[in-house]
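Asks: Need a 3D model of the following:
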Amino acid sequence: MHRGQQLALLGALALLVGALLPWASVTSPILGLSLSKAGYEGDGMFTGAIGLLLLLGSVLYKGEPGRIYSIGTSILAFLGGVILLYDFSNISSLTSQAGQGVMTSIGPGVYLSIVGGGR
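Replies: Residues are numbered from 1 along each chain as shown. Below is the predicted model of the structure:
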């Protein structure tokens, strides 16, 4: 397995695991309420699917590193990155709009997925 395949494999695993982790959480101590939303409950299902495609591609590809492999993985990583930046921006804007007594935060799944997509 060449270095590009190894990096794609690591990125794919990060995308898959990131899709399962929380992407956003909302807590209201006043109401005693705490909610968390995992990536697969929203756009994480797309980044997880991209991770799965990258995983299959890096495991099943037996040829030499080349242009086709590099272009395919780059396109998939770019698509995952666009989705993640969109979601990161939306979650960030919700965080800044949260009212008094409500705390929102970006979950670890988003950060891990960003690392995986940017591998």
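Asks: Please report the number of neighbouring residues for residue 89.
Replies: Residue 89 has 10 neighbours, counted by other C-beta atoms under 10 Å. Where C-beta positions appear, they are placed from N, C-alpha and C, glycine not excepted.
Asks: That one and residue 103, how far apart?
Replies: Distance, residue 89 to residue 103, using C-beta to C-beta, to the nearest Å: 19 Å.
Asks: How confident was the prediction at residue 72?
Replies: At residue 72, the predicted lDDT confidence score is 78.
Asks: which phi and psi does it have?
Replies: phi -60, psi -50 (degrees, to the nearest 10).
Asks: ok, it to residue 38 distance?
Replies: Separation of residue 72 from residue 38 (C-beta to C-beta): 28 Å.
Asks: Only the C-alpha atoms, please, for stretch 79-88, written as CSV.
Replies: Provided in CSV are the C-alpha atoms of stretch 79-88 (Å, rounded to 0.1, in the frame of the first residue of the first chain):
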residue,chain,number,x,y,z
LEU,A,79,-17.0,17.2,-1.5
GLY,A,80,-16.7,16.1,2.1
GLY,A,81,-14.9,19.4,2.9
VAL,A,82,-17.6,21.5,1.4
ILE,A,83,-20.3,19.7,3.4
LEU,A,84,-18.3,20.1,6.6
LEU,A,85,-17.5,23.8,6.1
TYR,A,86,-21.2,24.4,5.5
ASP,A,87,-22.2,22.6,8.6
PHE,A,88,-19.4,24.1,10.7
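Asks: and that stretch, which residues are buried?
Replies: By neighbour count on 16 or more other C-beta atoms under 10 Å, the buried set for stretch 79-88 is 79, 80, 81, 83, 84, 87, 88.
Asks: Within the helices and strands, which one has the fourth one?
Replies: If I follow you right, that is residue 83. helix 67-97 (DSSP states H and E).
Asks: who's in contact with the most far-flung residue of the chain relative to its centre?
Replies: Distance to the chain centre peaks in the chain at residue 30, reaching 31.3 Å (criterion: C-alpha atoms, centre = their mean). When contacts are counted by C-beta atoms under 8 Å, 6 or more residues apart in numbering, residue 30 is found next to residue 101.
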